[in-house]
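Enquirer: Fold the following and give me the result.
(4 chains)
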There are 2 protein chains.
Amino acid sequence: MDADKVFKALGDATRRRLLDLLCENNGQTLGQLCENLDMARQSATQHLEILEAANLVSTVKRGREKLHFINPVPLHDVYERWVRKFERGRLSLLHDLKRELEGE
Amino acid sequence: MDADKVFKALGDATRRRLLDLLCENNGQTLGQLCENLDMARQSATQHLEILEAANLVSTVKRGREKLHFINPVPLHDVYERWVRKFERGRLSLLHDLKRELEGE
DNA sequence: ATAATATGCAGGCAAATACCTGCATGTCAA
DNA sequence: TTGACATGCAGGTATTTGCCTGCATATTAT
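Expert: Below you'll find the model as predicted:
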């Protein structure tokens, strides 16, 4: 997993919206996704390319259409590497902060 | 939680490194953090400001020093909103993808 | 008081980003 | 085959980003 690509991909509201759209209805074409986006088709294509480079979306060509599918694996990896790490020490980290804010 | 700020903050290797450094040793000063970064102090300051704006880091001034503490709450929120959502449908999403890749 | 230390503030610059328009290609259906 | 439709490719531009340097301020220690 390339953490940088995954996080950068997630760091844009349009791309997170695309993931949400695919979560509601997996396997949509570029055209279908564009109908929900309010931007030129080309811009949506670029966003989808970034999601694909991060391996968050995989595509399949069917005739003249291109179908888009979510790949949930990188998100799971992000959780394992980033969220769980801080989750483990969560209470003690919060404690550090609170104690310091209260003037030690 | 401002998802956009949190994701954008996480979308940079230097800032993720800062979070790791604080996870190892919470409450470090700007100077201490800079020693591990290989960039000018000002650049590090800007990264820390972004982490602070995303509420991932809180600071306390002590004399002439500024102490930095991780706030694990936004990361937890990101998990709740983004990772768990896809985690729930994870197997079926993977199934969609696999079936399509195999030619349906 | 004065020097050393820790951080803040302002501005400048190159690269990356997120849009766009215009045209080309490939596929389906009449 | 030909026209309509779905997507690909190329390039142009304004904004944002990440880094820097130079100078200012505030705190501690001698």
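Enquirer: Every contact and neighbour count from this point should use C-alpha atoms.
Expert: Will do.
Enquirer: okay but A:Leu56 is in contact with A:Val6, surely?
Expert: Yes. Counting by C-alpha atoms under 8 Å, A:Val6 is a contact partner of A:Leu56 at 7.4 Å.
Enquirer: who touches both of those two?
Expert: A:Pro74, A:Leu75 (C-alpha atoms under 8 Å, 6 or more residues apart in numbering or on different chains).
Enquirer: Enumerate the residues of chain A near DNA strand C.
Expert: Residues of chain A lying near DNA strand C by C-alpha under 7 Å from any atom of the strand: A:8, A:11-12, A:14, A:38-44, A:47, A:62-64.
Enquirer: Tell me how many other residues surround the closest residue to A:Ala53 other than its chain neighbours.
Expert: Among residues not flanking A:Ala53 along the chain, A:Lys5 sits closest, at 7.3 Å (C-alpha to C-alpha, 6 or more residues apart in numbering or on different chains). Neighbours of A:Lys5 under the rule other C-alpha atoms under 10 Å in any protein chain shown: 19.
Enquirer: residues in contact with the helix or strand A:Lys5 falls within?
Expert: Per DSSP states H and E, A:Lys5 falls inside helix A:3-10. Identification of contacts with helix A:3-10 by C-alpha under 8 Å, 6+ apart yields A:15-16, A:50-51, A:53-56, A:74-75, A:78, B:7-8, B:10-13.
Enquirer: Contacts only, for whichever residue of chain A sits closest to DNA strand C.
Expert: With C-alpha to the nearest atom of the strand as the measure, A:Gly63 is the residue of chain A nearest to DNA strand C, at 3.1 Å. By C-alpha under 8 Å, 6+ apart, no residues touch A:Gly63.
Enquirer: how far away is it from B:Lys98?
Expert: Distance, A:Gly63 to B:Lys98, using C-alpha to C-alpha, to the nearest Å: 19 Å.
Enquirer: Check A:Leu18 too.
Expert: For A:Leu18, the distance to B:Lys98 - C-alpha to C-alpha - is 20 Å.
Enquirer: More neighbours: which of those two?
Expert: Comparing A:Leu18 with B:Lys98 by other C-alpha under 10 Å, the one with more neighbours is A:Leu18, at 22 against 14.
Enquirer: Can you report phi and psi for the more buried one?
Expert: The phi/psi pair for A:Leu18 (degrees, to the nearest 10) reads phi -60, psi -40.
Enquirer: Flag every residue of chain A that's near DNA strand D.
Expert: A:Thr29, A:Leu30, A:Gly31, A:Gln32, A:Gln42, A:Thr45, A:Arg64, A:Glu65, A:Lys66, A:Leu67.
Enquirer: Just name the closest of those to B:Val83, please.
Expert: Nearest to B:Val83 among those, counting by C-alpha to C-alpha, is A:Leu67 at 22.8 Å.
Enquirer: Give me the pLDDT value at the closest one.
Expert: In this model, A:Leu67 is scored at 97, pLDDT.
Enquirer: Drop anything exposed from the residues of chain A next to DNA strand C.
Expert: A:Lys8, A:Gly11, A:Asp12, A:Thr14, A:Ala44, A:His47 (16 or more other C-alpha atoms under 10 Å in any protein chain shown).
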